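Asks: I would like to see how this sequence folds:
(2 chains)
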Amino acid sequence: MVDDTSQTPEAAGADDSGYWSTNIRIITICLIIWAVVSFGFGILLRPLLAGISVGGTDLGFWFAQQGSILVFLALIFFYAWRMNQLDKQYGVDEE
Amino acid sequence: MDQFTLNLLFVGASFALYIGIAIWARAGSTSEFYAAGRGVHPVTNGMATAADWMSAASFISMAGLIAFTGYDNSSFLMGWTGGYVLLALLLAPYLRKFGKFTVSEFIGDRFYSSTARLVAVICLLVASITYVIGQMQGVGIAFGRFLEIDAFWGLLIGACVVFAYAVFGGMKGVTYTQVAQYCVLITAYTIPAVFISLQLTGTPIPALGLFGEHTASGEPLLQKLDQIVTDLGFKAYTAAHGSTINMVLFTLSLMIGTAGLPHVIMRFFTVPKVSDARWSAGWTLVFIALLYLTAPAVGAMARLNISDLMWPNGTDAEAVSVEQIESDPNYAWMATWQKTGLLDWEDKNGDGKIQYYNDASADLQAKAEANGWQGNELTKFNRDILVLANPEIASLPGWVIGLVAAGGLAAALSTAAGLLLAISSAVSHDLLKGQLTPNMSEKNELLAARISMAAAIVVAVLLGLNPPGFAAQTVALAFGLAAASIFPALMMGIFSTRINNAGAVAGMLAGLTVTLLYIFLHKGWFFIPDTNSFTDANPLLGPVKSTSFGAIGALVNFIVAYVVSGMTKETPQHIKDLVASVRVPRGAGAAVDGH
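Replies: Reported below is the predicted structural model:
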């Protein structure tokens, strides 16, 4: 079954314009931060942060139970804002 | 008014509210069932998605698991929120641009293969049914407590209510019903937490109270908790105990699984614009975070309260007496929960006191012997009852208890009914109408949908009689299955033009099979007890528990898909054009039904 959703010429040609590679770069940066706060600060790097105390425990515990969630929120809103800018810049935003 | 009547009143009132809204909202929008999400603001849509997503696992089970394990179960918190980052960055905007309604339709079109669509439907069914088992466990516990009967009967009654709810369309994707359910569940979760946080720390915001000062002792709350639990021979609350590798894989499985669950992804197909799909994911996480930032506080504070109740004069003094448990109104919750069979105690040494401690701890052997203790006497404390029992444990007013009962049922019912609708549409729409009998009449399609819904609920109840773990753990298995099968196929479909039909089918089958096999080897075939060859205490692959295997299953999926695609015929040009068009927002029309 072949898809029949509307395809504009700009859409098909957008591949070479740099829009997609910029998008990939933004995603990569966001996902590095995503991994560092959760898998990094929350789990693997927790022993390194043990010296910084937060409310009766260490910073790693805070990242694992609250901090990472707050960073995730910031990442999603940043990405939405940045991509809407990029869409306009490359003229591929929705009419 | 006694507690039973009060519970009935709250649960009844909340149900009346949902049904009322469903009737009101339907009158305005009879035209198109699928258009429920259209024209709805991203904030409202985010709230509805949050209600759809937060289930018995999040509401009833999660804080209990954190309470009794502490730091090690932080995976639930990071995993079930971190998945939204993957969803927002890697899937939601592109699937919205694609413009169809179901996940299997995307997979079928992108991989130009009805086999791929069929395999996607099978993956979806396996993950969803496992998910429903976890929901039914939660429903059973909530009904068991609120009707004061055994959890088994609670499960059966709950199954009937869920079935009626889903079949008669109490929430047929009507966004406003889900908004109401979100409001009920978040209020029910937050109010007792605020009371308890005020009692223990003087801070009205539980998330801050967790890292605040314990008013009674003047020490930081978490430090006090660490000290009490280690005094009783348990592991320190804030310390890491399990394997680090397992914790990383478990968190990753939950994250990937979140982004691979069909009923969550579907919500982003129907927002008005591609840019709205990006914002919607953010707003959804805002509403989820309100509960998830409170949950670790609920867990830690409940653990502290339970220890205080069992050792009213401190861990060095005498334990609570049987007489006090039976007569003191502050302990009345123990007798009510005993009726469900999920909580129990026994005065093993006959000293008239109930000693609660870790009898497996080597450090406590000497103390136990010196005091004549003969093992832990709080013999049973099911983790899944903690959130529902929490307001009673903290001696909060009766109306708070009724509110929590209503909230727990809202969470479990909305998700269970949503999943049943997803299952029935997969069977009747994707499987029967899309594949086997394309000429089926509308009436027969509807009949098939109802029959498959009934079948799904019977299967879930049968498998739910021998649940493979606590509700949140059962749900975690469902996430592992979704992580290993659906997410890789969707992601590769968008980010790589190399993956072809054969690669995608082989990848999904490989990911699903190895993960299912690993789960059955550890949890028993079809979760039947004693048919397992390994246990999660001593898993097949080093530290990797069956709940953590989803991440490895996903890796297998990616590798197999790449290798098979490399050996078979290249993706045709018109599919490459389709992928190119999915990658840019321009030209996104309204979503259309594939049939």
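Asks: per-residue pLDDT, residue B:308?
Replies: According to the per-residue confidence, residue B:308 scores 91 in pLDDT.
Asks: what separates the helix or strand of chain B with the lowest mean pLDDT from the chain centre, distance-wise?
Replies: Taking mean pLDDT, DSSP states H and E as the measure, the helices and strands of chain B show their lowest mean at helix B:3-28, namely a mean of 78. Here helix B:3-28 shows a centroid-to-chain-centroid distance of 23 Å under the convention CA atoms, centre = their mean, to the nearest Å.
Asks: got it, and stretch A:58-65?
Replies: On the basis of CA atoms, centre = their mean, stretch A:58-65 sits 21 Å off its chain's mean C-alpha point.
Asks: avg pLDDT for it?
Replies: Stretch A:58-65 carries an average pLDDT of 93.
Asks: next, residue B:235: phi, psi?
Replies: With angles defined as degrees, to the nearest 10, residue B:235 sits at phi -70, psi 150.
Asks: with adjacent residues omitted, what lies nearest to it?
Replies: On the basis of CB to CB, 6 or more residues apart in numbering or on different chains, the spatially nearest residue to residue B:235 that is not a chain neighbour turns out to be residue B:241, at 5.2 Å. C-beta here means a position set from N, CA and C on the backbone, and glycine is covered the same way.
Asks: pretty sure that neighbour sits in a helix.
Replies: No - the secondary structure assignment for residue B:241 gives coil rather than a helix, going by DSSP: H, G, I helix; E, B strand; the rest coil.
Asks: other SSEs contacting the least confident helix or strand of chain B?
Replies: With contacts taken as 3 or more CB pairs under 8 Å, 6 or more residues apart in numbering or on different chains; DSSP states H and E, helix B:3-28 sits against helix B:114-146, helix B:175-201, helix B:398-425.
Asks: residue ranges of the helices in chain A, please?
Replies: A:9-13, A:19-35, A:59-62, A:68-89 (DSSP state H).
Asks: now the ones you listed as CSV including distance to chain B and mean neighbour count?
Replies: Converted to CSV, these look like this (distance: least, CB to the nearest CB, whole Å; neighbours: other CB atoms under 10 Å in any protein chain shown):
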stretch, distance to chain B, mean neighbour count
helix A:9-13, 5, 14
helix A:19-35, 5, 15
helix A:59-62, 5, 25
helix A:68-89, 4, 19
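Asks: and the ones you listed as TSV, adding distance to residue B:128?
Replies: Formatted as TSV, the entries for the helices of chain A read as follows, by distance: least, CB to CB, whole Å:
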stretch	distance to residue B:128
helix A:9-13	33
helix A:19-35	27
helix A:59-62	34
helix A:68-89	25
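Asks: how is chain B divided into domains?
Replies: Partitioning chain B according to automatic domain parsing yields domains covering residues B:3-305+B:391-582, B:308-386.
Asks: so for residue A:66, which of the ones you listed sits nearest?
Replies: Using CB to CB as the measure, domain B:3-305+B:391-582 is the one of the domains of chain B that comes nearest residue A:66, at 5.7 Å.
Asks: picking up where we left off before, surely the residue nearest to residue B:235 and residue B:229 touch.
Replies: No - counting by CB atoms under 8 Å, residue B:241 does not reach residue B:229; the two are 11.9 Å apart.
Asks: name the residues contacting each of these two.
Replies: Listed contacts common to residue B:241 and residue B:229 are residue B:235; contacts here mean CB atoms under 8 Å, 6 or more residues apart in numbering or on different chains.
Asks: look up phi and psi at the closest residue to residue B:341 other than its chain neighbours.
Replies: The shortest distance from residue B:341 to any residue that is not its chain neighbour, by CB to CB, 6+ apart, is 5.4 Å, and that residue is residue B:150. Geometry field for residue B:150 lists phi and psi as phi -60, psi 150, criterion degrees, to the nearest 10.
Asks: show me what contacts residue B:150?
Replies: Shown here is residue B:150, whose contacts under the criterion CB under 8 Å, 6+ apart are B:144, B:339, B:340, B:341.
Asks: and for residue A:56?
Replies: Contacts were defined as CB under 8 Å, 6+ apart; by that measure residue A:56 touches B:211, B:219, B:220, B:221, B:222, B:223, B:224, B:226, B:238.
Asks: could you tell me the least trusted of the helices and strands packed on helix B:3-28?
Replies: Ranked by mean pLDDT, the helices and strands packed on helix B:3-28 bottom out at helix B:398-425, which scores a mean of 83.
Asks: what mean pLDDT does the next helix or strand after that one get?
Replies: Scanning the chain past helix B:398-425 towards its C-terminal end, the next helix or strand to appear is helix B:442-464 (assignment: DSSP states H and E). Taken as a whole, helix B:442-464 has a mean pLDDT of 81.
Asks: quick one: distance of helix B:442-464 to the chain centre.
Replies: For helix B:442-464, the distance from its own C-alpha centre to the chain's C-alpha centre is 21 Å (CA atoms, centre = their mean).
Asks: what's that helix packed up against?
Replies: Where contact means 3+ CB pairs under 8 Å, 6+ apart, helix B:442-464 is packed against helix B:114-146, helix B:151-167, helix B:398-425.
Asks: tell me what angle the longest helix along chain B forms with helix B:398-425.
Replies: In chain B, assigned by DSSP H, the helix with the most residues is helix B:274-310. Computed by axes from the mean of the first three to the mean of the last three CA atoms, to 10 degrees, the angle separating helix B:274-310 from helix B:398-425 equals 140 degrees.
Asks: I'd say residue A:52 and residue A:62 touch.
Replies: No - in this structure residue A:52 lies outside contact range of residue A:62 using CB under 8 Å: 9.1 Å.
Asks: contacts only, for residue 67.
Replies: If you meant another chain, say so; for now it's chain A. A:37, A:41, A:42, A:59.
Asks: chain B was what I was after
Replies: With CB under 8 Å, 6+ apart, residue B:67 has these contacts: B:298, B:299, B:300, B:302, B:303, B:383, B:386.
Asks: by neighbours, which of these wins?
Replies: Counting neighbours by other CB atoms under 10 Å in any protein chain shown, residue B:299 comes out on top of these with 28 neighbours.
Asks: circling back: PyMOL command to pick out the buried ones of the contacts of residue B:150?
Replies: In PyMOL, selecting the buried portion of the contacts of residue B:150, with burial taken from 16 or more other CB atoms under 10 Å in any protein chain shown, looks like this:
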select buried, chain B and resi 144+340
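Asks: which of the contacts of residue B:150 lies closest to residue B:377?
Replies: The nearest member of the contacts of residue B:150 to residue B:377, counting by CB to CB, is residue B:341 at 17.4 Å.
Asks: can I assume the closest one sits in a helix?
Replies: No - per three-state DSSP, residue B:341 lies outside any helix segment and is coil.
Asks: give me the pLDDT for it.
Replies: Residue-level pLDDT assigned to residue B:341 equals 84.
Asks: wait, it sits on residue B:151?
Replies: Yes - judged on CB under 8 Å, residue B:341 makes contact with residue B:151 at a distance of 5.8 Å.
Asks: shared neighbours, these two?
Replies: Both residue B:341 and residue B:151 are in contact with residue B:144, where contact means CB under 8 Å, 6+ apart.
Asks: and the contacts of residue A:67, which is closest to residue B:587?
Replies: Set against residue B:587, the nearest of those by CB to CB is residue A:37 (35.6 Å).
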